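[1] Everything below, folded, please.
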Amino acid sequence: MGDIEFLYLNQKDVQATGVSMATALEAVEDAFRLHHQGQVNLPYKIVLDMGERERGRGNAMPAYVGGEYDVFGIKWIAGFPKNPVDHGLPRGTGLFILNDAWKGIPLAVMDCTLLSAMRTGAVTGVGAKYLARKDSQSVAMIGAGVQARTQLEALMIVLPGLKEVRAYDIRRETSENFAEEMNHRFGREGLSVRAVDSPEEAVREADIVVTVTVADDPIVKERWMKRGSFFAAVGSYQEEEFEVVINSDKVVVDGIDHVLHRETPVIALMIERGKIRREDILEMGAIVCGDQPGRTGPDERIFFSPIGMAIEDVCLCHKVYKLARKKGVGSTLGLLGREV
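    Numbering: from 1, shown residues only. Coordinates of the predicted model:
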């Protein structure tokens, strides 16, 4: 028996495949659809808490996806919030292992730091495709780090009529850098991005509100919210007042069981405290498949709170693997160290 060969892709290789946000949006929408159709095996996320406030955490996220994918894999990703300031390193770093679903052997091992950020942005993008008003023009971006960039990139694809982004971050320099970079990137498409001094200045009259922070105290106030708005709560904790959720016409998640298992997201907190009922929560997959309603009127306020599911990563990383094979990108390694 010879060796078991697999493809290794570093981050430069991943970029060389040409993977785009459009690819990520397609992968995430597929994941939602297959989840609702029962064609996935999705264990709960395992969180290795290393002292989240002092250091950080590691997440192990395994899943199988059937349908046209028929592969399984695992994302092993670390989130250490102090890395950028203390060590000059990314807040998140990750690896993904993709396996053949019939032989069990590895097909690829790849950097997924960039891909994880892309798929998180794509989750909001798919949410906005079904839940935001098509004529949305203004975005409030609360938190202006790496994730904010992929959030905006996805929104620009699904809502090409966007005209204005107001960005707030607790570090003014961060929001200014975000505005400068995004203006350079999207200015030719008619988008204006500016840093603002407060969350209220960002949120008032915004058609789209995106919170992508590590805050666990409410930032967004109910009195700032606009009728007809779409709110994507991307952080893992509570970034808004309970009333923001209570007064929404629809509350949507990616997978309710996984949100409740994580315990910390605002939806889980509110169900546990009896503020909202589990049976009133909609799932994105059912909306994608047309079994539950998305947006049904221009004045609806819709709150979307995804936890992030490994099936999204499996679908995206499988697409990257296929692109890499097609383009001859990456290095072939042997698992056993034997001669082929």
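[2] could you point out which element follows the helix or strand of the chain with the lowest mean pLDDT?
    Ranked by mean pLDDT, DSSP states H and E, the weakest helix or strand in the chain is helix 83-86, scoring a mean of 84. Remark: after helix 83-86, the chain's next helix or strand is strand 92-100, criterion DSSP states H and E.
[3] pLDDT (mean, whole number) over that next one?
    Mean pLDDT, computed over strand 92-100, is 95.
[4] Against which helices or strands is that strand packed?
    strand 71-79, strand 106-111, helix 113-131, helix 310-327 (3 or more Cβ pairs under 8 Å, 6 or more residues apart in numbering; DSSP states H and E). Backbone N, C-alpha and C define where each C-beta goes, glycine included.
[5] any weak-confidence spans in the stretch 201-340 of the chain?
    When residues are selected by pLDDT under 70, those of the stretch 201-340 of the chain lie in 236, 339-340.
[6] ok, residues contacting the least confident helix or strand of the chain?
    Gly56, Leu89, Pro90, Arg91, Gly145 (Cβ atoms under 8 Å, 6 or more residues apart in numbering).
[7] Phi first, then psi, for the third one.
    Backbone geometry at Pro90, expressed as degrees, to the nearest 10, gives phi -60, psi 150.
[8] just checking, it touches Leu114?
    No. Checked against Cβ atoms under 8 Å, the pair Pro90 and Leu114 is beyond contact range at 9.4 Å.
[9] Now stretch 169-183: buried residues?
    Asp169, Thr174, Ser175, Asn177, Phe178, Ala179, Met182 (16 or more other Cβ atoms under 10 Å).
[10] JSON lines please, covering those residues and showing secondary structure.
    As requested, the buried residues of stretch 169-183 are exported to JSON lines (DSSP: H, G, I helix; E, B strand; the rest coil):
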{"residue": "Asp169", "secondary structure": "coil"}
{"residue": "Thr174", "secondary structure": "helix"}
{"residue": "Ser175", "secondary structure": "helix"}
{"residue": "Asn177", "secondary structure": "helix"}
{"residue": "Phe178", "secondary structure": "helix"}
{"residue": "Ala179", "secondary structure": "helix"}
{"residue": "Met182", "secondary structure": "helix"}
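[11] Need the residues you listed in JSON lines (columns: pLDDT).
    JSON lines is the format used below for those (pLDDT from 0 to 100):
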{"residue": "Asp169", "pLDDT": "96"}
{"residue": "Thr174", "pLDDT": "94"}
{"residue": "Ser175", "pLDDT": "96"}
{"residue": "Asn177", "pLDDT": "97"}
{"residue": "Phe178", "pLDDT": "97"}
{"residue": "Ala179", "pLDDT": "97"}
{"residue": "Met182", "pLDDT": "97"}
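[12] Looking at the helices and strands packed on strand 92-100, spot the one closest to Ala24.
    Ala24 sits nearest to helix 113-131 of all the helices and strands packed on strand 92-100, at 3.9 Å, using Cβ to Cβ.
[13] quick one, domains of the chain?
    Per the record, the chain has its domains at 5-115+311-334, 121-309, by automatic domain parsing.
[14] Any idea how far apart the tips of the longest one sit?
    In this case it means domain 121-309. Using Cα to Cα, to the nearest Å, the span of domain 121-309 from its first residue to its last is 13 Å.
[15] just stretch 35-52 next, same as before
    End to end - Cα to Cα - stretch 35-52 spans 30 Å.
[16] all helices of the stretch 151-300 of the chain, in order?
    Counting by DSSP state H, counting those that start in this stretch, the stretch 151-300 of the chain has helices at residues 172-186, 199-203, 242-246, 256-262, 266-272, 284-288.
[17] Can I get the helix or strand hosting Thr150 as CSV, trimmed to CA atoms?
    Thr150 belongs to helix 146-158 when assigned by DSSP H and E. Only the C-alpha atoms of helix 146-158 are listed here, as CSV (Å, rounded to 0.1, in the frame of the first residue of the first chain):
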residue,chain,number,x,y,z
VAL,A,146,-11.6,42.2,10.1
GLN,A,147,-15.1,40.7,10.3
ALA,A,148,-16.7,44.1,9.4
ARG,A,149,-14.9,44.1,6.1
THR,A,150,-16.4,40.8,5.0
GLN,A,151,-19.8,41.8,6.3
LEU,A,152,-19.8,44.8,4.1
GLU,A,153,-18.4,42.9,1.1
ALA,A,154,-21.3,40.4,1.3
LEU,A,155,-23.9,43.2,1.8
MET,A,156,-22.6,45.0,-1.3
ILE,A,157,-23.3,41.9,-3.4
VAL,A,158,-26.8,41.2,-2.2
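[18] Apart from its chain neighbours, what residue comes closest to the residue most central in space within the chain?
    Nearest to the mean C-alpha position of the chain, counting by Cα atoms, centre = their mean, stands Thr120 at 1.5 Å. Nearest residue to Thr120 in three dimensions, chain neighbours excluded: Gln147, at 5.8 Å (Cβ to Cβ, 6 or more residues apart in numbering).
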